[in-house]
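Participant: Coordinates only, no sequence provided:
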């Protein structure tokens, strides 16, 4: 299949914006949960700031974006270069945030003995967390998703080979990983993205409007919205012990539902020019660019603002105090995320590209789909 750079550039803009919206949902969810998790009416707010399940969209989108270049554009996949690029893309910014989180946790005990225990003797397992080993998340609890992202990146070339061999195998492999559940570390989320990539031409073609899927698009979108919010719906009105027993027996969790909904959302975005034009708004594109930073920094920024600023907002009007905290958190998260993107992410991505350009071809996979 011939390369189509223009197509690739256009797609990345609106999908980056979609990732930015998902990152804002995670930020909003954690911000609300900081002080309002136990209030019943907050469950209704979490329907809109569903940060728990927005991460499903990250993984589905990663599966699509990482495989698009090789499945749709037909470029050869150099596995060694792929791995090096992913490490330089994900790890430096993550390491910096884990370091920040660890130093923040011991902010009142900064002395030689503390740093020695933390970094030399590793008594608090900092290095396991910093290098994404065995799902250690003591200082930075959203780090579990980065462990999954790295694992998904490691498995991605094998999934791409599967799609290149025969794209019809992907749905069957999704079923297998769903049956095995977390034993394959949420691989089905990435596989849904790869399935969208393998069917990209059909999804974006005008003939897609003649399919039954498109005919029932509105019921499917409504069902996807409900499934995406099923975790919060369960918080408002518990699904009951019978459901929980059956779900436990079948190995189904809420991520099983949200991966289906995120796949529907992704297909809708890929097909709809109107949605794409909306997502190509400059503000959303900018938020998409710094979305990885938003996801990484929002927890530590929220904690920092609440600890060092909230105590100075002692006015009688709690609504005004909350508004000040909200605005300050938003401004700080955007500012720090932008700094992280331009000062850390981009320089290391350029460094990774220079290194991969000098690497000799190794374990190269050809192009084309059966």
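Facilitator: That came in fine, so what should we check first? In this text, all values refer to a predicted model and were calculated from it rather than measured experimentally.
Participant: so where is this structure shaky, pLDDT-wise?
Facilitator: Where the chain drops to pLDDT under 70, the residues are 1-11, 35-44, 46-47, 181-185, 313-315, 363, 366-370.
Participant: what residue lies at the spatial centre of it?
Facilitator: Using Cα atoms, centre = their mean, the residue of the chain that lies closest to the mean C-alpha position is residue 58, 2.7 Å off.
Participant: Quickly note the distance from that residue to residue 300.
Facilitator: Between residue 58 and residue 300 the distance, using Cβ to Cβ, to the nearest Å, works out to 19 Å. Every residue, glycine included, has its C-beta placed from N, CA and C.
Participant: Contacts only, for the residue nearest to the centre of the chain.
Facilitator: Residue 58 sits next to 19, 22, 145, 149, 295 when contact means Cβ atoms under 8 Å, 6 or more residues apart in numbering.
Participant: so which strand or helix has the nearest residue to residue 71 once chain neighbours are set aside?
Facilitator: With sequence-adjacent residues excluded and distances taken as Cβ to Cβ, 6 or more residues apart in numbering, residue 71 is closest to residue 197, at 4.8 Å. Using DSSP states H and E, residue 197 maps to helix 187-198.
Participant: picking up where we left off before, please look at the residue nearest to residue 71 and residue 62 and confirm they touch.
Facilitator: No - Residue 197 is beyond contact range of residue 62, at 10.9 Å (criterion: Cβ atoms under 8 Å).
Participant: quick one: the residue nearest to the centre of the chain from residue 83, how far?
Facilitator: For residue 58, the distance to residue 83 under the criterion Cβ to Cβ works out to 19 Å.
Participant: hang on, the earlier thing: separation between the residue nearest to residue 71 and residue 204?
Facilitator: Taking Cβ to Cβ as the criterion, residue 197 is separated from residue 204 by 11 Å.
Participant: So between these two, which is more surrounded?
Facilitator: Each of residue 197 and residue 204 had its neighbours counted (other Cβ atoms under 10 Å), and the higher figure belongs to residue 197 (26 against 16).
Participant: Just give me how far stretch 298-315 sits from the chain centre.
Facilitator: Computed by Cα atoms, centre = their mean, to the nearest Å, the chain-centroid distance of stretch 298-315 equals 26 Å.
Participant: Contacts for that stretch, please.
Facilitator: Under the criterion Cβ under 8 Å, 6+ apart, residues 23, 26-27, 30-31, 34-35, 97, 100-101, 104, 140-142, 321, 324-325, 328-329, 332-333, 336-337 lie in contact with stretch 298-315.
Participant: Contact partners for residue 21?
Facilitator: 284, 287.
Participant: To clarify, my last question referred to residue 84.
Facilitator: 352, 355-356, 359.
Participant: and if you look at residue 259?
Facilitator: Taking Cβ under 8 Å, 6+ apart as the contact definition, residue 259 lies against 56, 59-60, 188-189, 192.
Participant: Name the member of the residues you listed with the most neighbours.
Facilitator: Going by other Cβ under 10 Å, residue 60 tops the contacts of residue 259 with 29 neighbours.
Participant: That residue touches residue 262, doesn't it?
Facilitator: Yes - under the criterion of Cβ under 8 Å, residue 60 is in contact with residue 262, at a separation of 4.3 Å.
Participant: Walking through the stretch 51-200 of the chain, point out its helices one by one.
Facilitator: 51-71, 79-105, 112-115, 126-130, 143-165, 169-180, 187-198, 200-204 (DSSP state H, counting those that start in this stretch).
Participant: Now the last one: buried residues?
Facilitator: Meaning helix 200-204. Of the residues in helix 200-204, those with enough neighbours to count as buried (16 or more other Cβ atoms under 10 Å) are 200, 203-204.
Participant: Can you get me a residue count around residue 87?
Facilitator: As a burial measure, the neighbour count of residue 87 was computed by other Cβ under 10 Å and equals 15.
Participant: That one reaches residue 352, doesn't it?
Facilitator: Yes - between residue 87 and residue 352 there is a contact under Cβ under 8 Å: 7.3 Å.
Participant: between the helix or strand containing residue 248 and helix 169-180, how big is the angle?
Facilitator: With secondary structure defined by DSSP H and E, residue 248 is part of helix 241-250. Using axes from the mean of the first three to the mean of the last three Cα atoms, to 10 degrees, the interaxial angle of helix 241-250 with respect to helix 169-180 works out to 120 degrees.
Participant: Give me the secondary structure label for the residue nearest to residue 85 when sequence neighbours are not counted.
Facilitator: Nearest non-adjacent residue to residue 85, counting by Cβ to Cβ, 6+ apart: residue 352, 5.2 Å away. Remark: residue 352 carries the secondary structure label helix [criterion: DSSP: H, G, I helix; E, B strand; the rest coil].
Participant: how close does residue 352 get to residue 293?
Facilitator: Plainly put, residue 352 is 17 Å away from residue 293 if you go by Cβ to Cβ.
Participant: Longest helix in the protein, please.
Facilitator: Of all the segments assigned as helix in the chain under DSSP state H, the longest by residue count is helix 5-36.
Participant: now that helix, how far from the chain's geometric center?
Facilitator: Put simply, helix 5-36 sits 8 Å off its chain's centre (Cα atoms, centre = their mean).
Participant: That one: which residues count as buried?
Facilitator: Within helix 5-36, the residues that qualify as buried are 11, 13-20, 22-34, counting by 16+ other Cβ under 10 Å.
Participant: okay, residue 352 and residue 293: which has more neighbours?
Facilitator: Of the pair residue 352 and residue 293, residue 293 is the one with more neighbours under other Cβ under 10 Å, namely 24 against 19.
Participant: a helix runs through that one, doesn't it?
Facilitator: Yes - with three-state DSSP as the criterion, residue 293 is part of a helix.
Participant: for it, what are its contacts?
Facilitator: Shown in contact with residue 293 (Cβ under 8 Å, 6+ apart): 93, 336-341, 345.
Participant: Repeat the analysis, applying 6 Å as the threshold.
Facilitator: If a contact means Cβ atoms under 6 Å, 6 or more residues apart in numbering, then residue 293 has 337, 340-341 as its contacts.
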